[in-house]
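[1] A predicted structure for the sequence below; I have some questions about it.
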Amino acid sequence: MLKVTRLDKSQLWVNAEIIDFVEATPDTVISLISDKKIVVKEPAEAEVDAIKEYRRLMGFNLPMIIENGE
């Protein structure tokens with residue numbers, strides 16, 4: 001579970017296993033597999049790093065991520 005802060009400063013925990021993708025639009029938007037969206041204060045990069053760390057701790061194999069077409 002990932003702790004996030006909504007724009008109104010309320011905090012909640014999101015199940016990392018149901019996150020579909022994270023966008024920076026410029027606010028950070030977490031889209032869940034249920035099509036629900038959560039707008040949070042944390043930068044998108046921080047959320048992606050937190051998801052990676054969660055997956056590492058849970059023993060998931062992470063595929064190599066290619067950024068900027070490299």
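    Received the coordinates, thanks.
[2] using CSV, write out the CA atom coordinates for stretch 16-25.
    Extracted as CSV, the C-alpha positions of stretch 16-25 are listed here (Å, rounded to 0.1, in the frame of the first residue of the first chain):
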residue,chain,number,x,y,z
ALA,A,16,-0.2,-0.6,-5.3
GLU,A,17,-1.5,-3.7,-7.0
ILE,A,18,-4.5,-2.0,-8.5
ILE,A,19,-2.6,1.0,-10.0
ASP,A,20,-2.9,1.0,-13.8
PHE,A,21,-0.7,4.1,-14.5
VAL,A,22,0.5,7.4,-13.1
GLU,A,23,0.4,10.7,-15.0
ALA,A,24,1.8,14.2,-14.5
THR,A,25,-0.7,16.6,-16.0
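[3] what sits closest to the most centrally placed residue in the chain if chain neighbours are left out?
    What sits nearest the mean C-alpha location of the chain, by CA atoms, centre = their mean, is Glu47, with 4.1 Å. Counting by CB to CB, 6 or more residues apart in numbering, Val22 is the residue found nearest to Glu47 once chain neighbours are left out, at 5.0 Å. C-beta here means a position set from N, CA and C on the backbone, and glycine is covered the same way.
[4] what's near enough to touch that neighbour?
    Val22 makes contact with 28-31, 44, 47-48, 51, according to CB atoms under 8 Å, 6 or more residues apart in numbering.
[5] farthest pair within these?
    Taking CB to CB, the two most distant members of the contacts of Val22 are Val29 and Ile51; they sit 14.1 Å apart.
[6] quick one: the strands in this protein?
    2-5, 11-14, 19-24, 28-32, 37-40 (DSSP state E).
[7] closest one to Phe60 among these?
    Between those, strand 19-24 lies closest to Phe60; by CB to CB that is 12.9 Å.
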